[in-house]
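Q: Any chance you can model this:
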Amino acid sequence: MIPSHPVQAQPATAAEAYLGLLAARGVEYLFANGGTDFAPIVEAYAQGKSLGWRMPDPVIVPHENMGVAMAHGTTMVTGRAQAMMVHVGMGTANAINGLINAARMNIPMLFTAGRTPLTESGAVPGARNNYIHWAQEHFDQGAMLREFMKWDYELKHAEQVETAVDRALAIARSEPQGPVYLTLPREILAAQYQGKISPGATQVAATAPVADPDALEEVARLLGGAERPLIVTANAGRTVEASKAMTHLAETFGIPVVHYRPRYLALDTEHPMNAGWEPHALLKDADLVLVIECDVPWIPSQGGPRPEAKVVHIGPDPLYARYPLRGFRTDLALTGLVAPTVAQLTERALAHAGAAATLKGRFEAHAKRLRAERARQRGAPAAMSAKYASACINRLIDEDTIVVNEYPLALEELAIRTPCRYYASAPAGGLGWGLGAALGAKLAAPTKTLICCVGDGAYMFGNPTASHFVSEAMRLPVLTVVFNNARWAAVHRSTLAMYPRGVAAGMQEPPFATLEPSPRFEKTIEASGGYGARVESPEQLMPALERALKVVKEERRQALVNVRLEASYVKTS
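A: Numbering: from 1, shown residues only. Below you'll find the model as predicted:
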């Protein structure tokens, strides 16, 4: 879509109005996996293109779950909501895994699906004319995903198009953000549209939540008086502004920051206050715990805060109201966006803090200890482990690199100095996110180098044939590194945690945990014009990664390195 395109849509059908509205409301891409319900949309695109109308760019995605991940990836980089359309309830069902990920990560998205035609007679344009139109119908199509959508609706009349689209986008973009669902019956899309598209949206997103001043002052007093404060976060680095606010808070008060299972990095990995990836050791000593945009700040069975410590949760939805069970102690909950809330907290807390020399001394003491801890954790032996592979990948990374990580990276081996260059999969754990998310990120940031790290299981879940097709078709070169241990390590790790001396613990190939024989993943990418390599020894790894990155950067082709790791059930950061 060219935002400055001068010709506006003059729609004659609801489908034409729908596409025109998406463009007018700033939606750049319509990710789509079509079916028989798309006929009015196809014709509307053809009509609009012939007349020079502004419309979102269509992105063909050969699998729905991969398409949702791609839309997710574009939005996580740009912050702007995109749209997707799939084929009736069948396409919706294929997309639910990715939509759960998007919901748990507060990714705004207008997810739409056709609906089986309403009428049987054939008298109305778009009526049923194919045998599948009977078997595909649902009593309640939205029911299958309603739990994870912020809003859902079925378009009832062409007149409603503008109201429905504007309301959907307004709700999706309001904090806490998330996906919404709109179903589009074929007869309605084909119906005549009598109105005109309003130049501005009829509904806009609600203003962001702002922390209560009295509660903010109470937290400021707690922070000012704390001797051993600790920050635990997972998502606080979602934006550059939030990362800057978090960094300023940590520096000002000398507070260690733990990124526990991070999806975004709030602090530079080399920052003096970056306290690594596990909270439990530091929780035992903290007298104040600031849980900032973090759904799971610790594992209760492994430890938690001291009884006398105060625990404060901060974020747009600090209680994670859509989680059925979440019992982490909460002495105070501040509702507000991270950047302004943390900035105000820092400013207010200074009025209650001790002498500047005391704060500086705390900063320096933590910095010395954490620097030594980072040095101790780093340095992988030349063995085919996830830690060694992560160290090799770190040597490829520069300031123009974005890393998309679906589980395998050992974060202690990475050096990422600036915000919004590292993204990881949703806490819901819906596998298959990484490949599509990396493509979406590349679409959003075409001048950046994209490195996508996935486990072998996650790679297979990611619809690799579909993903590599899109990479070639849209000229979106990504370097994919498959951490291939031929195992479902999480399955066996969970078994070992429950039954450390059980029968499965002593088995060479425990049930439900092996993925042998391992596919030749490097061959899959070759079918779509990409470069593939397989590595089985440590000395091969760095040269193979360098060759693959050269293909991506210089030849503008996608590349994949299949790294055969030793079988291991050690949990990585």
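
Q: Isn't Asn130 up against Thr36?
A: Yes: contact criterion CB atoms under 8 Å: Asn130 and Thr36 qualify, at 5.6 Å. Just so you know, the C-beta spots here come from the backbone N, C-alpha and C atoms, and that holds for glycine as well.

Q: more crowded one of those two?
A: More neighbours surround Thr36 than the other of Asn130 and Thr36, with 17 against 11 (other CB atoms under 10 Å).

Q: So what's the residue count around Arg306?
A: Neighbours of Arg306 under the rule other CB under 10 Å: 14.

Q: Revised request: answer the last question for Lys150.
A: By other CB under 10 Å, 20 other residues sit near Lys150.

Q: Just give the nearest non-adjacent residue to it, would you?
A: The spatially closest residue to Lys150, leaving aside those adjacent along the chain, is Gly178, at 4.6 Å (CB to CB, 6 or more residues apart in numbering).

Q: The one you found against Asp152, yeah?
A: No: with contact defined as CB under 8 Å, Gly178 does not reach Asp152; the gap is 11.7 Å.

Q: more neighbours, the two?
A: Set Gly178 next to Asp152 and count neighbours by other CB under 10 Å: Gly178 wins out with 25 against 18.

Q: tell me the contacts of the more buried one?
A: Counting by CB atoms under 8 Å, 6 or more residues apart in numbering, Gly178 touches Ala102, Ala103, Asn106, Ile107, Pro108, Met109, Phe148, Met149, Lys150, Ala172.

Q: so which of the residues you listed comes closest to Leu288?
A: Leu288 lies nearest to Asn106 out of the contacts of Gly178, by CB to CB, at 25.9 Å.

Q: Now the residue nearest to that closest one when sequence neighbours are not counted: which helix or strand?
A: Nearest in space to Asn106, with sequence neighbours left out and distances taken as CB to CB, 6+ apart, is Gln177 at 4.6 Å. Under DSSP states H and E, no helix or strand contains Gln177.

Q: And Gln177, what's its pLDDT?
A: As predicted, Gln177 sits at a pLDDT of 98.

Q: which helix is the longest one in the chain?
A: Ranked by number of residues, the top helix in the chain under DSSP state H is helix 356-377.

Q: so how far is the first residue of stretch 80-96 from its last?
A: One end of stretch 80-96 to the other measures 21 Å (CA to CA, to the nearest Å).

Q: Okay, buried residues for it please.
A: Of all the residues in stretch 80-96, those buried under the rule 16 or more other CB atoms under 10 Å are 81-96.

Q: Which residues are in contact with each of Gly178 and Asp152?
A: Here Gly178 and Asp152 have no joint contacts, going by CB under 8 Å, 6+ apart.

Q: circling back: average model confidence for the longest helix of the chain?
A: 92.

Q: Name the next helix or strand downstream of it, please.
A: Later in the chain than helix 356-377, the nearest helix or strand by DSSP H and E is helix 386-394.

Q: what does whichever helix or strand comes after that following helix rub up against?
A: Following helix 386-394 in sequence order, the next helix or strand is strand 401-406 (DSSP H and E). Where contact means CB under 8 Å, 6+ apart, the residues beyond strand 401-406 that reach it are 73, 77, 393, 397, 409, 414, 416, 421-425, 431, 433-434, 437-438, 441, 445, 448-455, 458, 462.

Q: can you put the contacts of Gly178 in TSV and add distance to Pro229 and pLDDT?
A: As requested, those are exported to TSV (distance: CB to CB, whole Å; pLDDT from 0 to 100):
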residue	distance to Pro229	pLDDT
Ala102	33	98
Ala103	31	98
Asn106	26	98
Ile107	31	98
Pro108	33	98
Met109	36	98
Phe148	35	97
Met149	37	98
Lys150	34	98
Ala172	35	98
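
Q: And those residues, which is closest to Arg238?
A: Proximity of these to Arg238 (CB to CB) peaks at Asn106, which lies at 8.4 Å.

Q: and that closest one, what is it in contact with?
A: Glu175, Pro176, Gln177, Gly178, Pro316, Asp317.

Q: Against Val478, how distant is it?
A: The gap separating Asn106 from Val478 is 24 Å, by CB to CB, to the nearest Å.

Q: Walking through the stretch 51-200 of the chain, point out its strands one by one.
A: With strands called from DSSP state E, counting those that start in this stretch, the stretch 51-200 of the chain shows them at 57-60, 82-86, 109-115, 152-154, 179-185.

Q: With the stretch 201-350 of the chain instead?
A: For the stretch 201-350 of the chain, the strands defined by DSSP E, counting those that start in this stretch occupy 229-233, 257-259, 288-292, 310-315, 332-335.

Q: I'd like the mean pLDDT over the last one, please.
A: In this case it means strand 332-335. Mean pLDDT, strand 332-335: 98.

Q: Adjacent strands (with direction) for that strand?
A: Strand 332-335 has its sheet partners listed here by DSSP bridges as strand 310-315 (parallel).

Q: just the angle between the strand it pairs with and strand 288-292, please?
A: In terms of direction (axes from the mean of the first three to the mean of the last three CA atoms, to 10 degrees), strand 310-315 departs from strand 288-292 by 10 degrees.

Q: just for this protein, where's the confidence low?
A: The model of the chain has pLDDT under 70 over residues 1-7, 569.

Q: quick one: terminal-to-terminal distance for stretch 382-389?
A: By CA to CA, the extent of stretch 382-389 from end to end equals 9 Å.

Q: ugh, typo on my part, it should be stretch 123-131
A: End-to-end distance for stretch 123-131, by CA to CA: 17 Å.

Q: Give me the residues contacting that stretch.
A: Stretch 123-131 is contacted by residues 36, 39-40, 116-122, 134, 185-191 when judged by CB under 8 Å, 6+ apart.

Q: quick one: the residue nearest to Lys150 from Pro307, how far?
A: Per CB to CB, Gly178 is found 35 Å from Pro307.

Q: Reformat the contacts of Gly178 as TSV; add distance to Glu218.
A: Converted to TSV, the contacts of Gly178 look like this (distance: CB to CB, whole Å):
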residue	distance to Glu218
Ala102	34
Ala103	31
Asn106	26
Ile107	32
Pro108	32
Met109	36
Phe148	34
Met149	35
Lys150	30
Ala172	33
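
Q: Sort out which one of these lies nearest Leu350 for me.
A: Nearest to Leu350 among the contacts of Gly178, with distances taken as CB to CB, is Asn106, at 30.2 Å.

Q: Just the buried residues from the contacts of strand 401-406, in PyMOL please.
A: Buried residues among the contacts of strand 401-406 (16+ other CB under 10 Å), as a PyMOL selection:
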select buried, resi 73+77+393+397+409+414+416+421+422+423+424+425+431+433+434+437+438+441+445+449+450+451+452+453+454+455+458+462
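
Q: Among the contacts of strand 401-406, which lie within strands?
A: Cross-referencing the contacts of strand 401-406 against strands under DSSP state E gives Tyr422, Tyr423, Ala424, Thr449, Leu450, Ile451, Cys452, Cys453, Val454, Gly455.

Q: Quick check: the farthest pair among the residues you listed?
A: Thr449 and Gly455 (21.3 Å).

Q: Tell me which residues are up against stretch 537-550.
A: Outside stretch 537-550, the residues within contact range by CB under 8 Å, 6+ apart are 382-384, 388-389, 392-393, 395-396, 449, 479, 481, 531, 533, 535, 559-561, 563.

Q: same deal with stretch 206-217?
A: If you take CB under 8 Å, 6+ apart as the criterion, stretch 206-217 is touched by 170, 174-175, 314, 316, 332, 334-337, 340-341, 344-345, 348.

Q: Generate a ChimeraX selection restricted to the buried entries among these.
A: Per 16+ other CB under 10 Å, the buried members of these correspond to this ChimeraX selection:
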select :170,174,175,314,316,332,334,335,336,337,340,341,344,345,348
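
Q: can you give me the strands in the stretch 451-573 of the chain?
A: Using DSSP E, counting those that start in this stretch, strands in the stretch 451-573 of the chain cover 479-484, 531-535, 559-564.

Q: could I get the shortest one in PDB with only the CA atoms?
A: If I follow you right, that is strand 531-535. Taking Å, rounded to 0.1, in the frame of the first residue of the first chain, the C-alpha atoms of strand 531-535 are listed here in PDB:
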ATOM      1  CA  TYR A 531      20.600 -22.300   0.500                       C
ATOM      2  CA  GLY A 532      20.800 -25.200   2.900                       C
ATOM      3  CA  ALA A 533      23.700 -26.700   4.900                       C
ATOM      4  CA  ARG A 534      24.000 -29.400   7.500                       C
ATOM      5  CA  VAL A 535      26.500 -29.300  10.300                       C
END
